[in-house]
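Asker: next input, structure requested:
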Amino acid sequence: MADFTILGMGGFGLSLAVMLNNFGHNVTVWSAFEQEVEDIRRDGENKQKLPGVRISDEIRLTNDISLVNGADIVIFGIPTRKLREVAQKAAPHMSVNTVAVNTGKGLEDDSLKRMSEVLEEALPANQPIVVLSGPSHAEEVALGMPTTVVAASKDSKYSDYVQSVMSNNMFRIYINNDLVGCELGGSLKNVIALCAGICDGMGFGDNTKAALMTRGITEIARLGVALGGKTDTFAGLTGIGDLIVTCTSMHSRNRRAGILIGQGVTPQEAVDRVGTVEGYICTRAAYNLAKKVGIDMPITEQCYRVLFEGLSAKAAVNNLMGRPKRHEAETVWVD
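Answerer: Next up, the predicted model:
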């Protein structure tokens, strides 16, 4: 058994805490907010982020970030916009051999960096870092529904370690050495999920969503390969797998926010209603990153214009459907 400290009391962090505790691990969960800890201790659940899932008394809840010290694995379950800040607070207390595992999916807005790159800068030099990504709604992980994800790292011995410690008969972990591809697939699918929700909100059907998801993974892979990812990764769990679950489920906050936008709610109001919507900021970062490296991402571009330039969803659809005619093979995944 291993000692885990999970930073963040969001839905996914708590779902991992419940799962790991059920399989005999020692689990501590940290929050920056005293009231959040008090509420969960009182109610036995996080009524806002993971309602109906009991948080065992065996799981230690704390506001003391120094408790990362001595943990075998520290899981960063932090929204992307706050990851650097929290990692910097944790850094002085991190043990040299502790494996840092990031579960957040996004890009840093200003720097356009992946989350593992943010951790590399914020944590002590040579801190082992692993990314855990894939189709894994918190609500289902907490209930013990079969789930498969991927562990990726620059050094495979650390992803192997995470696989060996965290895998169980309801949570299966695969290894992938393509850290870049795994992170970009998990991040950029949030953009397409927002668009899928917009299509749902506009009343479109299965044809539209199938087209969106297929062309979406194509442009995700186009950017990912240009940045050093491997084509095969985008056909796996952190690519098409995560895209499917996020575009089709009402557990997806990105899709739910998109539905509101498609129904005429302003993007900012939709985000305010739903809560953390990683695809909102990631759309801007992805748009800027694609421009920086010269990669064509038409869906991402139109999503950016809807979210940040006031373009109507109807106009965005018309723009996409009216693009110059071409052969599908012109934009297949590039090796």
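
Asker: show me the contact partners of the helix or strand harbouring residue 225.
Answerer: Assigning secondary structure by DSSP states H and E places residue 225 in helix 206-226. With contacts defined as CB atoms under 8 Å, 6 or more residues apart in numbering, helix 206-226 is touched by 180-181, 184-185, 188-189, 191-192, 195-196, 199-200, 229, 231, 233-234, 239-240, 243-244, 247-248, 286, 289-290, 293, 295-300, 331-335. Using the backbone N, CA and C atoms, a C-beta is placed for each residue, glycine as well.

Asker: kindly recompute the last result at 6 Å.
Answerer: Identification of contacts with helix 206-226 by CB atoms under 6 Å, 6 or more residues apart in numbering yields 181, 184, 188, 192, 195-196, 199, 231, 234, 240, 243, 247, 290, 293, 295, 297, 299, 331, 333-334.

Asker: could you do stretch 68-75 as well?
Answerer: Under CB under 6 Å, 6+ apart, the answer for stretch 68-75 is 2-6, 90, 93-95, 98-101.

Asker: one more time with 7 Å
Answerer: 2-7, 13, 16, 90, 93-95, 98-101, 103, 162, 165 (CB atoms under 7 Å, 6 or more residues apart in numbering).

Asker: check the contacts of helix 206-226 for burial and list the buried ones.
Answerer: Among the contacts of helix 206-226, those buried by neighbour count (16 or more other CB atoms under 10 Å) are 181, 184, 188, 192, 195-196, 199, 231, 234, 240, 243, 247, 290, 295, 297, 299, 333.

Asker: and those residues, which of them are in strands?
Answerer: Among the buried ones among the contacts of helix 206-226, DSSP state E puts none in strands.

Asker: mind listing what's buried in stretch 30-44?
Answerer: Buried-residue list, stretch 30-44, by 16+ other CB under 10 Å: 30, 31, 32, 36, 37, 39, 40.

Asker: ok now that stretch, how far from the chain's centre?
Answerer: Averaging C-alpha positions (CA atoms, centre = their mean, to the nearest Å) puts stretch 30-44 23 Å from its chain's average.

Asker: can I get that stretch as CSV, trimmed to CA atoms?
Answerer: Extracted C-alpha coordinates of stretch 30-44, given in CSV (Å, rounded to 0.1, in the frame of the first residue of the first chain):
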residue,chain,number,x,y,z
TRP,A,30,-5.8,19.0,0.8
SER,A,31,-7.9,22.1,0.0
ALA,A,32,-6.9,25.8,0.1
PHE,A,33,-10.3,26.6,1.5
GLU,A,34,-11.1,26.0,5.2
GLN,A,35,-14.8,26.1,4.6
GLU,A,36,-14.6,23.4,2.0
VAL,A,37,-12.9,21.0,4.5
GLU,A,38,-15.4,21.9,7.2
ASP,A,39,-18.3,21.3,4.9
ILE,A,40,-17.1,17.9,3.8
ARG,A,41,-16.3,16.8,7.4
ARG,A,42,-19.8,17.9,8.4
ASP,A,43,-21.8,16.5,5.5
GLY,A,44,-19.6,13.5,4.7
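
Asker: can you tell me what sits against that stretch?
Answerer: 5, 6, 7, 9, 46, 54, 55, 61, 62, 63, 65, 67.
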